[in-house]
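Chemist: the sequence isn't on hand, but the structure is:
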């Protein structure tokens, strides 16, 4: 029996190495399934919780054009959460269970969403930096080995391309505006820069899952590689805006062809992961409240559907 | 956790324009067929992705078993005579 | 005449603006992802209408007027929406019920405005009617689900209905402006809509297993700029940026 499992696992790895996709009904090691449920749901939760900091500014958006852009963006995030949950559901977990894991703190989501949005410029900064960081990760994931996850990523990347542009355009407008607007933009960058580069996760030496994840092609690049890629792309973008990245050690390194950056405050990172960030309680609280408040609605719809089904059957019978 | 019944999963198929077939777009949850149709419209056609929608509750889809892929699909492998390139014809011959 | 047309356009646009605002407050807080997305779609449709109306109004006003100056820089007394759309979200029952009572009015109004002698209003109505017709279908379906779903949902949506129903009469109170616009073929015929309205609404409420509230009356003069206390808070949020940072581009 053990031999069989070994052979199955070897065959499985061979398929991944050959660049084949794994589909829901295919045999897969239990650990592959569990890892995917964890990662896909974490990704989905990030989309859903990510709606909150930006949603915070919908009613206060400064123009109608900005308002519809932001509303459509936050709505997209609900859609992306939905696509990702659907992908996780193909692995045999229900959406109710996924929510339960989120609501009880068993499942994590990206720490970036535990930071408050204090000004309109934060919405621009999130679009520019947070979506920018997310896109780097997501483009990589369109080639991940699990078919439903990869397909969800393709759809998400297609839709998400406007998000970062929207954010950067907001920043451009602010930076070309009044001194107060430019100050607002700089302040947003100051607060969101470090949390954004922490989004790629702990340094490679401290990332226990990386090796296995790369073997299964859930990850194609390491955290540090992705982080470097993001910094290299973003620094010139900040220059165009005329904003200063809040890292005195940031400088171009001719030899490596990359930007060197200063030390990241990993204590802060782990504090936020542990639940002690500025908005952890509020974010989770808002999700739990939406879920609890919605229970009677979901139940009503289900009860109504069952009644309708019964009366249809009764009609057929008579 | 709520032990109540969850809205069932539905699969959504979209015809992107007339003349093309419906293609699988993704899934969603809905309590009944009407809601599934409305949700499909709201979730999957926000960017003019389609002109026609099909929704079907996932449990009604019968899927082939990948473990039987050998017997299901391999036998077609060597039936090359089903393909036009199997038949050798002179190069001068046109329109065939 | 231009001034009156301007006012009339605002009375159309303001209902969409304030209802769109209320719905936008819900984004991220709905009972399921699917309903969250659906309600946001309705909100976006309404804002689309607002922009069409206000861009037209801004042209009529001339000078520095823009869709944003109209949307963000008027006092509460200058808003012409009805009281119904200002009412808070409270719970999903209130949201759906408010939407249903509004859609049932908005749909026949748009139908009439398609025939408006004012080409711009007619064009906006022709675009909006497709949206409104979907909104009406959506809110009616949900009224039935909540009304006939469970005992709890029936009670909740009945309570919402009892609260919101007295506001609907305001739709049909003709102001002098409404009358004039009807007579010159630009505006809608409110008494004509009234008949259809109550017929349709009552039929659906009965189908949903709800009790039609006793015809109740409540003093509401939103169309004349006399609003509930809720509007001030809506405007405080809506206008916050424009008021704090005047004369800036966003």
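Modeler: Cool, the structure landed. Since this is a predicted model, take the numbers as computed values, not measurements.

Chemist: can you list the low-confidence ranges for chain A?
Modeler: Within chain A, the ranges that satisfy pLDDT under 70 run A:1-3.

Chemist: residue ranges for the strands of it, please.
Modeler: A:251-253, A:258-260 (DSSP state E).

Chemist: what's the last one packed up against?
Modeler: Using 3 or more CB pairs under 8 Å, 6 or more residues apart in numbering or on different chains; DSSP states H and E as the contact criterion, the neighbours of strand A:258-260 among helices and strands are helix A:223-241, strand A:251-253. Just so you know, the C-beta spots here come from the backbone N, C-alpha and C atoms, and that holds for glycine as well.

Chemist: looks like residue B:23 contacts residue B:12 (just checking).
Modeler: No. Under the criterion of CB atoms under 8 Å, residue B:23 makes no contact with residue B:12, lying 9.8 Å away.

Chemist: and chain B, which of the helices and strands packed on strand A:258-260 is closest to it?
Modeler: For the helices and strands packed on strand A:258-260, proximity to chain B was assessed by CB to the nearest CB; helix A:223-241 is nearest, at 25.9 Å.

Chemist: for that closest one, buried residues please.
Modeler: Within helix A:223-241, the residues that count as buried by 16 or more other CB atoms under 10 Å in any protein chain shown are A:223-224, A:226-231, A:234-235, A:237-238, A:241.

Chemist: please apply the same query to stretch A:190-202.
Modeler: A:191-202.

Chemist: so how far is it off the chain centroid?
Modeler: Put simply, stretch A:190-202 sits 13 Å off its chain's centre (CA atoms, centre = their mean, to the nearest Å).

Chemist: what sits up against that stretch?
Modeler: A:110-112, A:115, A:118, A:122, A:125-126, A:129-130, A:132-134, A:137, A:207, A:223-224, A:226-227, A:230-231, A:245-247, A:261, A:264-266, A:268-269, A:272 (CB atoms under 8 Å, 6 or more residues apart in numbering or on different chains).

Chemist: buried subset of the residues you listed?
Modeler: By neighbour count, with 16+ other CB under 10 Å, the contacts of stretch A:190-202 hold A:110-112, A:115, A:122, A:125-126, A:129-130, A:132-134, A:137, A:207, A:223-224, A:226-227, A:230-231, A:245, A:247, A:261, A:264, A:269, A:272 as buried.

Chemist: number of nearby residues for residue 52?
Modeler: Just going to use chain A. By other CB atoms under 10 Å in any protein chain shown, the residues close to residue A:52 number 24.

Chemist: that's the wrong chain, I wanted chain B
Modeler: 13.

Chemist: now the helices and strands packed on strand A:258-260 as JSON lines including distance to chain C?
Modeler: Shown next, in JSON lines, are these (distance: least, CB to the nearest CB, whole Å):
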{"stretch": "helix A:223-241", "distance to chain C": "15"}
{"stretch": "strand A:251-253", "distance to chain C": "33"}
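
Chemist: can I get these in JSON lines with distance to residue B:51?
Modeler: As requested, the helices and strands packed on strand A:258-260 are exported to JSON lines (distance: least, CB to CB, whole Å):
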{"stretch": "helix A:223-241", "distance to residue B:51": "38"}
{"stretch": "strand A:251-253", "distance to residue B:51": "51"}
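
Chemist: next, the distance between the ends of stretch A:239-256.
Modeler: Distance across stretch A:239-256, first residue to last, is 21 Å (CA to CA, to the nearest Å).

Chemist: which residues of the stretch 1-150 of chain A lie near chain C?
Modeler: A:48, A:51-52, A:55, A:58-68, A:71-72, A:74-75, A:78-79, A:81-82, A:85, A:120 (CB under 8 Å from any CB of the partner chain).

Chemist: let me redo that: chain B
Modeler: Counting by CB under 8 Å from any CB, the residues of chain B near chain C are B:7, B:28-31, B:34-35, B:38-39, B:42-43, B:46.

Chemist: next SSE after the helix or strand hosting residue C:153?
Modeler: Using DSSP states H and E, residue C:153 sits within helix C:151-164. On the C-terminal side of helix C:151-164, the closest following helix or strand by DSSP H and E is helix C:169-172.

Chemist: buried set for that next one?
Modeler: Quick answer for helix C:169-172 (16+ other CB under 10 Å): C:169-172.

Chemist: helices or strands up against that helix?
Modeler: Using 3+ CB pairs under 8 Å, 6+ apart, helix C:169-172 sits against helix C:83-86, helix C:190-207.

Chemist: can you list the neighbours in contact with the first one?
Modeler: So the one you mean is helix C:83-86. Contacts of helix C:83-86 (CB under 8 Å, 6+ apart): C:15, C:18-19, C:22, C:98, C:101-102, C:164, C:167-168, C:170-171, C:218, C:220, C:222, C:227-228, C:230-231, C:234.

Chemist: how does it look with 6 Å?
Modeler: C:15, C:18-19, C:167, C:170, C:220, C:222, C:228, C:230-231 (CB atoms under 6 Å, 6 or more residues apart in numbering or on different chains).

Chemist: which one of the residues you listed is nearest to residue C:120?
Modeler: residue C:15 (17.5 Å; CB to CB).

Chemist: per-residue confidence at the closest one?
Modeler: If you check residue C:15, the pLDDT there is 98.

Chemist: then the one 10 residues further on?
Modeler: According to the prediction, residue C:25 has pLDDT 98.

Chemist: what does chain A put close to chain B?
Modeler: A:25-26, A:79, A:83, A:86, A:94, A:96, A:100, A:299, A:301-302, A:305 (CB under 6 Å from any CB of the partner chain).

Chemist: circling back: please identify the deepest-packed of the helices and strands packed on helix C:169-172.
Modeler: Most buried of the helices and strands packed on helix C:169-172, by mean neighbour count (mean count of other CB atoms under 10 Å in any protein chain shown): helix C:83-86, with a mean of 25.

Chemist: if I look at residue C:130, how far off is residue C:112?
Modeler: Per CB to CB, to the nearest Å, residue C:130 is found 16 Å from residue C:112.
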